[in-house]
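> okay, structure incoming, though there's no sequence with it:
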């Protein structure tokens, strides 16, 4: 399975990605702003999702809202 960002670029474990849209995190008071860079992502079994950490919180994000940095 290949995991791709919104531009079609392949993503790998440990890559850095940037948000292309403001996102509200379900179950949390976090709001992620467009342009935020998330480092050291982890790929999941689903090619449309990645896992990342923001502080002590682990989140699963859809790849359609991300671009590789």
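Structure's in. What do you need? Just so we're clear, the structure is a prediction, and the values are computed from it rather than from any experiment.

> CA atoms for contacts and neighbours, from now on please.
Will do.

> how near is the residue of the chain most remote from its centre to residue 1?
In the chain, counting by CA atoms, centre = their mean, residue 29 sits farthest out from the average C-alpha position, at 17.6 Å. According to CA to CA, to the nearest Å, residue 29 and residue 1 sit 33 Å apart.

> quick one: residues contacting the residue lying closest to residue 33 once chain neighbours are set aside.
Nearest non-adjacent residue to residue 33, counting by CA to CA, 6 or more residues apart in numbering: residue 22, 4.5 Å away. Counting by CA atoms under 8 Å, 6 or more residues apart in numbering, residue 22 makes contact with 31-34.

> turn the residues you listed into a markdown table, including pLDDT, secondary structure and distance to residue 43.
As requested, the contacts of residue 22 are exported to a markdown table (pLDDT from 0 to 100; DSSP: H, G, I helix; E, B strand; the rest coil; distance: CA to CA, whole Å):
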| residue | pLDDT | secondary structure | distance to residue 43 |
| --- | --- | --- | --- |
| 31 | 91 | strand | 22 |
| 32 | 93 | strand | 20 |
| 33 | 96 | coil | 22 |
| 34 | 97 | coil | 21 |
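
> between those residues, which is closest to residue 46?
Proximity of the contacts of residue 22 to residue 46 (CA to CA) peaks at residue 32, which lies at 21.9 Å.

> and for the closest one, the neighbour number?
Around residue 32 sit 15 other residues, with neighbours defined as other CA atoms under 10 Å.

> may I have the beta-bridge partners of the residue most central in space within the chain?
Residue closest to the average C-alpha location in the chain (CA atoms, centre = their mean): residue 61, at 4.6 Å. Using DSSP bridges, the bridge partners assigned to residue 61 are residue 50.

> that's all I had, so thanks and see you.
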